[in-house]
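Engineer: Need the 3D shape of this:
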Amino acid sequence: MLNKRYLPSITALQCFEAVTRHLSFTRAAQELNLTQSAVSKQVAQLEELLQHLLFRRVRRRLQLTPAGDLYLVEVRKILTQVEMSTHTLRSYGGETEVLRVSTPSTFGARWLVPRLKGWRLRHPQIHLDVCNEQQADDLLQGHSDLAFYFGQGSRPGSECLKVLEEELVAVCAPSSLPGTAFTDPTQLTDLVLLQNASRPQAWHEWFEHQGYRTDHSYHGPRFDTFYMCIRAAQVGCGVALLPRFLVEEELADGKLVIAWPYAMPSHDAYYLAYPEHSASVPKVQAFVSWMMEQRATPPSAAVEGESL
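Structural biologist: Okay, here's the model as predicted:
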């Protein structure tokens, strides 16, 4: 158990943060409606607990020490989180429940979010908290109630429901294509292969599935997310291998084109997972039912005027 002696008070953290902004104990005290000596005492106690000086005086001016600069980053995170949590709880009605859903970022923006339209009208008592993908064990540790993920349909201690299969297509900006048509897919390497960090084998497998090999399948700039790959292809940085459903809008608008007419089905799929022990929780059941309805429904089919 964490020793309480190493847990500073919120007041001490507020005093420290205010002093860093004003570089003055007096002005920080005025902001916090405290006396100058009270603020000074709080900061001194914090320095004693940390066993590091947080401020020093240089030519009668207050400056943060390197330790103070480092601590400030963490303190601002803590105070921001406490403030957000307080505002969030104040804004909820007595019957409101929070449902925490994690998702891969581009999947969440392109597929999930459009399918949340109308959720609030049907479930006004359930407040959605949607965040980017977290660690695989966060679900079982209670950091999320449900999680979308790409992979195999099994996770220890979890129920996993398939929501979407995918196929990978090579896309680029229309201006990136040469004047003459390609005769085999390896010629795409002349355009620069845009790599996705989460799918390092994708280009190699795409060529291999067609019976081709190239020494350049792992060469090219690497991006953390599909969204960055989409943007890079759109502005002419090269050709990207992407799930078709993520670029349907760009393909329809002509912002991207298919660079080579082969779509490779993925071995994995997108799943919605939740802990086995949560299967009977009403808010989890409600979200699962909603997603099972939505997975086969185009977002455009939502009722006009419905809101999230």
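Engineer: where does the chain have its least confident helix or strand?
Structural biologist: helix 66-91 (a mean of 86; mean pLDDT, DSSP states H and E).
Engineer: buried sites along stretch 41-49?
Structural biologist: 42-43, 46-47 (16 or more other C-beta atoms under 10 Å). Yep, even glycine has a C-beta here, placed from its N, CA and C like the rest.
Engineer: Same list (those residues) but as TSV, adding pLDDT, secondary structure and distance to Cys172.
Structural biologist: Listed next are the buried residues of stretch 41-49 as TSV, based on pLDDT from 0 to 100; DSSP: H, G, I helix; E, B strand; the rest coil; distance: C-beta to C-beta, whole Å:
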residue	pLDDT	secondary structure	distance to Cys172
Gln42	96	helix	58
Val43	96	helix	57
Leu46	95	helix	55
Glu47	95	helix	57
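Engineer: just to revisit the earlier point, which other residues reach whatever helix or strand comes next after the least confident helix or strand of the chain?
Structural biologist: The first helix or strand that comes after helix 66-91 along the chain, using DSSP states H and E, is strand 97-103. Residues from elsewhere that reach strand 97-103, judged by C-beta atoms under 8 Å, 6 or more residues apart in numbering: 88, 92, 112, 125-134, 138-139, 143-148, 283-284, 287.
Engineer: Can you flag the buried ones in these?
Structural biologist: Of the contacts of strand 97-103, these count as buried by 16+ other C-beta under 10 Å: 112, 126-128, 130, 133-134, 139, 144-148, 283-284, 287.
Engineer: Please identify which of those is nearest to Leu193.
Structural biologist: Glu133 (24.3 Å; C-beta to C-beta).
Engineer: so that closest one makes contact with Tyr149?
Structural biologist: Yes - at 7.0 Å, Glu133 and Tyr149 qualify as touching, with contact defined as C-beta atoms under 8 Å.
Engineer: Common neighbours of those two, please.
Structural biologist: Pro104.
Engineer: quick one on the thing from earlier: of the contacts of strand 97-103, which belong to strands?
Structural biologist: Among those, DSSP state E puts 126-132, 146-148 in strands.
Engineer: Could I get those in a markdown table, plus columns for pLDDT and distance to Gln195?
Structural biologist: Listed next are the ones in strands among the contacts of strand 97-103 as a markdown table, based on pLDDT from 0 to 100; distance: C-beta to C-beta, whole Å:
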| residue | pLDDT | distance to Gln195 |
| --- | --- | --- |
| Ile126 | 93 | 39 |
| His127 | 90 | 38 |
| Leu128 | 93 | 33 |
| Asp129 | 91 | 32 |
| Val130 | 93 | 27 |
| Cys131 | 90 | 26 |
| Asn132 | 86 | 20 |
| Leu146 | 94 | 30 |
| Ala147 | 93 | 25 |
| Phe148 | 94 | 23 |
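Engineer: got those as CSV, with distance to Val192 columns?
Structural biologist: Putting the ones in strands among the contacts of strand 97-103 into CSV (distance: C-beta to C-beta, whole Å) gives the following:
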residue, distance to Val192
Ile126, 45
His127, 44
Leu128, 39
Asp129, 39
Val130, 34
Cys131, 33
Asn132, 27
Leu146, 38
Ala147, 34
Phe148, 30
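Engineer: Quick check: the farthest pair among the residues you listed?
Structural biologist: The widest separation within these (C-beta to C-beta) is 20.3 Å, between Ile126 and Asn132.
Engineer: And the helices in the stretch 101-250 of the chain?
Structural biologist: 105-107, 119-122, 202-209, 226-234, 248-253 (DSSP state H, counting those that start in this stretch).
Engineer: quick one, which of the ones you listed is nearest to Ser176?
Structural biologist: helix 226-234 (7.8 Å).
Engineer: Looking at that closest one now, give me its mean pLDDT.
Structural biologist: Helix 226-234 shows a mean pLDDT of 97.
Engineer: Need the contact partners of that helix.
Structural biologist: 105-107, 109, 171-173, 176, 194, 196, 221, 223, 238-240, 242-243, 246-247, 250, 255-256.
Engineer: in the sheet, who's paired with Ala269?
Structural biologist: Gly151, Glu165 (DSSP bridges).
Engineer: Tell me, how many residues neighbour it?
Structural biologist: Ala269 is flanked by 17 other residues according to other C-beta atoms under 10 Å.
Engineer: do you know how far His204 is from Gln195?
Structural biologist: 10 Å (C-beta to C-beta, to the nearest Å).
Engineer: Now the least confident helix or strand of the chain: buried residues?
Structural biologist: Under 16+ other C-beta under 10 Å, the buried positions of helix 66-91 are 68, 71-72, 75.
Engineer: ditto for stretch 113-123
Structural biologist: Quick answer for stretch 113-123 (16+ other C-beta under 10 Å): 115-119, 123.
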